[in-house]
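Engineer: only geometry, no sequence info:
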């Protein structure tokens, strides 16, 4: 270590004062300073002379003339130092000035570095200058600037070195930055060479210096001041390392611990911290890496101009990534830079040679050895370098973790409470929505049974699920949706005023209509387009009719005219009365016409216009109708009672010539002598029936009455309605529908049913259409069962009816029903068994020689049918396709019910005192007998879906649940009323039993406990059935009422059907889309349509 002389401080003070006077242009006197500092005069004189020499030599080189203070250096040879003639200054640094010089002896051009004046009196600096000479003279390498000699003259220390013709990397950086600022884009840092080439040059120069640095390290020398200004590059691209002024030999100790040496922007972290013990080759590698960083990016590795700020960044290792500043830098080159500049020395290259080789691999296009440090390694290094901060961070993290844990626990508890509350709210909301659904379904069934189909659809629409909503719909919703489907309407067009009459052309898909503006319009019923419009008269037309051959059309209004329908040309007028012609009609043979004049008379004409006869009627003639055979003419008529002075309206049936009154149709209200008002009459297309309609005399509403043509005295069907006044009437071509139009714009229609003997039966219900605003003036059935209507609102509309025929009248009771696996049905009634194929709409009926077939069931595979003939007490095995008897079995005692197991060929027969279990295939074989208490009657039996349980009900005061395979009694469930029927629910494990007291009891088959009791009936429960999806229970009673129940809610959904006859059997189809109900006089089919509800 160098120890400082006590006089060094006074020598430095004197030199500073002397230099200040020289630089101020003054001529200081040596003797003055020597006297002032007499105690150190012998040491001070050479320093003052050296300062004067260097200053004056420098000024002379700059000005080209002798210095102003030449008297101070007259004893020196001008501009000569150590046998070299000094030339221009070619470099200047913190510790010295570099001159180009020429040997006075050999003429060789060299570079001479002298210790600059401000520092040459500092002994430490002088020693380091001599140290550089000593070290440089020892290092002989092609990439290290060689030092030829060193010396001291006149107190001036100097080094003689090789002259490198080129520039330093500091100058190169300055030029590149200048070009970058001009081009304004880093991606084109220099136009010559391009950026990728420039980066390869930089890598090559750094590679050369790395090998030079490795040579120095191998020689025991640390440079300690690697930076761009200490690297020179000649014109051939050869790089040189210079300035070993801060270098250290292994056997030298020029610094003390804590000294910070080097250029601060390129220092390694250990160098910046003054940790001498940690400094080694990796410190120089770091500085070279920092230099490479700046050469590649043209930016220092650490941003900032404040020395303390930059040193702090170096110590903490917060460097920027090269590619973030220059994206063109190859990723491999960036990896090399990052490897060389890791904050932890152990993570850097192990030697400068390794750095040089990796740069060589990069230049050769080979994979580099360096790899990026993992996050774990970075963390460990960071903790080692910042132990106090790491401990504080760990403590803070632990504290935060504790706070987070407590907060998380509190939040979790709050979330659990919120979740629980939300779940409860959702459950309550779901329950409320379920209750609302049930209430709405009850209202919808009430509306359906009140014939308010419009209200039904509004209720159903409320429960059409939207995306994300729970679909609560089950069989009852789909059933009502199918039953209450509204008639579809096509508006054909509109008259300018009221449309008064419409007629269908014979054997055509066209209709014609007339109205108040005297126009006739023709409509195509297939494409729904208007084909033509013609002006007939300028006054209103109230009536029209088409001739039977379809060639002529008759109009009635203020005048009566006959037109050619094909050419739409006038043919003739008919003699008219003063009142309007309100109704007109052709005779069936087309040879005559009849005209009804309002409140006047009916006149008969031949087709040529001759008036044949007139018959006073004093009535409105809103209808005139011939019977199809032309034998009768139905004329609305009116008379006045002379006593009461009240008008009596009736329909008179005259012969074809209006000569003889054949019959009067009088409307008696509810069988009394009070008369109603028959105002409309028409004959059916075949003439089998005569239909008329009118309202009661003093009440709102009336009835449509159907008479058989061969018995005009006694009506065979009465169809009540409740409207103000009837305006028109029509019968369909197949005589199975009747429609009536009313003054409130409503069209009512009925589906006429017949039993097997072709006897008319009352329709199960009336269907209504809100057709027009104001009166429905006219309506007619098309051949395919549609309705064309016109009204006071001027519209002409075509209606497609959607009413379903749900009832099929039967002459005998339907006592047994069994669904087939192909969604068909087996029906037992009287002495016949019938198989209905619903897909092909086929019926196979086979009459039995047995007088009473009581019940039917399908055995396991569905290929055979077993029927119970209760009168003869025998079982019959039949082929499921042909229904032919294969063999039979005599029971020998009364039997009341039968059921089959779904998994095997076994049936259970309910008898008195016992239930017999019979194996049918291969032959009748009695497997087991289950005894009934007190020899009482077993009325109803049923297997569960798996065949593992058999339930029995009867008049013995219990519901019995057996294991049919072992015969073991599973549960005895006491009841207060005899049981008639039983059904299992596969999905929920529930059992339903129906009883004489009108109650349906729901049992848990696992525990045998009563779950619920449904009590809405007055009569016996005759039959029960669960839907295949287990959500709906259907029941029918002896009173003829069939109800649907919600199984999950154990509540009634509504009345599905109500009949005047007793109910016997009820079942669902296999797919759950159809409910069948067997009554004493009808078979009801309620089809819910899609979707499949299995």
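Structural biologist: It's in. None of the values given here were measured: they were computed from a predicted structure.

Engineer: list the helices and strands the helix or strand where residue 615 lies packs on?
Structural biologist: Per DSSP states H and E, residue 615 falls inside strand 611-616. Packing partners of strand 611-616 (3 or more Cβ pairs under 8 Å, 6 or more residues apart in numbering; DSSP states H and E): strand 601-606. Backbone N, C-alpha and C define where each C-beta goes, glycine included.

Engineer: and the angle for the strand it packs on with strand 611-616?
Structural biologist: Angle, strand 601-606 to strand 611-616, by axes from the mean of the first three to the mean of the last three Cα atoms, to 10 degrees: 160 degrees.

Engineer: Residue 987: neighbour count?
Structural biologist: Neighbour count of residue 987, defined by other Cβ atoms under 10 Å: 13.

Engineer: so what's it closest to, chain neighbours aside?
Structural biologist: Spatial nearest neighbour of residue 987, chain neighbours left out: residue 1030 (3.1 Å); criterion: Cβ to Cβ, 6 or more residues apart in numbering.

Engineer: how about the one you found, secondary structure?
Structural biologist: Here residue 1030 takes the coil state, with states given by DSSP: H, G, I helix; E, B strand; the rest coil.

Engineer: Not counting its own residues, what contacts the helix or strand hosting residue 313?
Structural biologist: When elements are assigned from DSSP H and E, residue 313 belongs to helix 307-316. Contact with helix 307-316 is made by 264-265, 267-269, 272-273, 300, 302-304, 319, 343, 385-386, as judged by Cβ atoms under 8 Å, 6 or more residues apart in numbering.

Engineer: tell me which element the nearest residue to residue 147 once chain neighbours are set aside is part of?
Structural biologist: The spatial neighbour of residue 147 that comes closest, neighbours along the chain excluded (Cβ to Cβ, 6+ apart), is residue 136 at 3.6 Å. Assigned by DSSP H and E, residue 136 belongs to helix 123-138.

Engineer: from the middle of its chain, how far away would that helix be?
Structural biologist: Its chain's C-alpha centre and that of helix 123-138 lie 82 Å apart, by Cα atoms, centre = their mean, to the nearest Å.

Engineer: next one: stretch 1015-1023
Structural biologist: On Cα atoms, centre = their mean, the centre of stretch 1015-1023 falls 46 Å from the chain's centre.

Engineer: And the contacts of that stretch?
Structural biologist: 980-981, 994-996, 998-1000, 1035-1039, 1041, 1043, 1052, 1062-1067, 1078.

Engineer: that older thread, residue 160 is in contact with the residue nearest to residue 147, correct?
Structural biologist: No: if you go by Cβ atoms under 8 Å, residue 136 and residue 160 don't touch, sitting 10.4 Å apart.

Engineer: quick one: common contacting residues for the two?
Structural biologist: With Cβ under 8 Å, 6+ apart as the test, residue 136 and residue 160 both reach residue 147.

Engineer: give the contact list for the residue nearest to residue 147.
Structural biologist: Residue 136 is in contact with 144, 145, 146, 147, 159, 161, 244, counting by Cβ under 8 Å, 6+ apart.

Engineer: As a markdown table, these with pLDDT, distance to residue 821 and neighbour count would be great.
Structural biologist: Converted to a markdown table, the contacts of residue 136 look like this (pLDDT from 0 to 100; distance: Cβ to Cβ, whole Å; neighbours: other Cβ atoms under 10 Å):
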| residue | pLDDT | distance to residue 821 | neighbour count |
| --- | --- | --- | --- |
| 144 | 93 | 102 | 23 |
| 145 | 91 | 105 | 23 |
| 146 | 90 | 108 | 16 |
| 147 | 88 | 110 | 22 |
| 159 | 87 | 113 | 27 |
| 161 | 90 | 110 | 22 |
| 244 | 81 | 104 | 28 |
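
Engineer: and which of these is nearest to residue 798?
Structural biologist: residue 144 (109.1 Å; Cβ to Cβ).

Engineer: Dihedrals phi and psi, that closest one?
Structural biologist: Dihedral angles of residue 144 (phi, psi; degrees, to the nearest 10) stand at phi -120, psi 130.

Engineer: Would you confirm that it contacts residue 212?
Structural biologist: Yes: counting by Cβ under 8 Å, residue 212 is a contact partner of residue 144 at 5.1 Å.

Engineer: Which neighbours do the two have in common?
Structural biologist: 240, 241.

Engineer: before we move on, back to that, other residues contacting the strand holding residue 615?
Structural biologist: Against strand 611-616 from outside (Cβ under 8 Å, 6+ apart): 574-575, 592, 600-606, 635, 654, 657-659.

Engineer: What pairs with that strand, parallel or antiparallel?
Structural biologist: Here strand 611-616 has these sheet partners by DSSP bridges: strand 601-606 (antiparallel).

Engineer: about what we covered before: tell me which helix or strand comes right after the helix holding residue 313.
Structural biologist: Next along the chain after helix 307-316, taking DSSP H and E as the criterion, comes helix 322-325.

Engineer: I'd like to know which elements that next one is packed against.
Structural biologist: Short answer (3+ Cβ pairs under 8 Å, 6+ apart): helix 322-325 packs on helix 281-297, helix 331-340.

Engineer: Please, which helix or strand holds residue 400?
Structural biologist: Per DSSP H and E: residue 400 is located in helix 387-449.

Engineer: which secondary structure element contains the most centrally placed residue in the chain?
Structural biologist: With distances taken as Cα atoms, centre = their mean, the residue of the chain nearest its centroid is residue 467 (7.6 Å). Using DSSP H and E, residue 467 sits in no helix or strand.

Engineer: element containing the residue nearest to residue 211 when sequence neighbours are not counted, please.
Structural biologist: Computed as Cβ to Cβ, 6+ apart, the closest residue to residue 211 that is not its neighbour in sequence is residue 356, at 4.6 Å. In this assignment (DSSP H and E), residue 356 forms part of helix 352-364.
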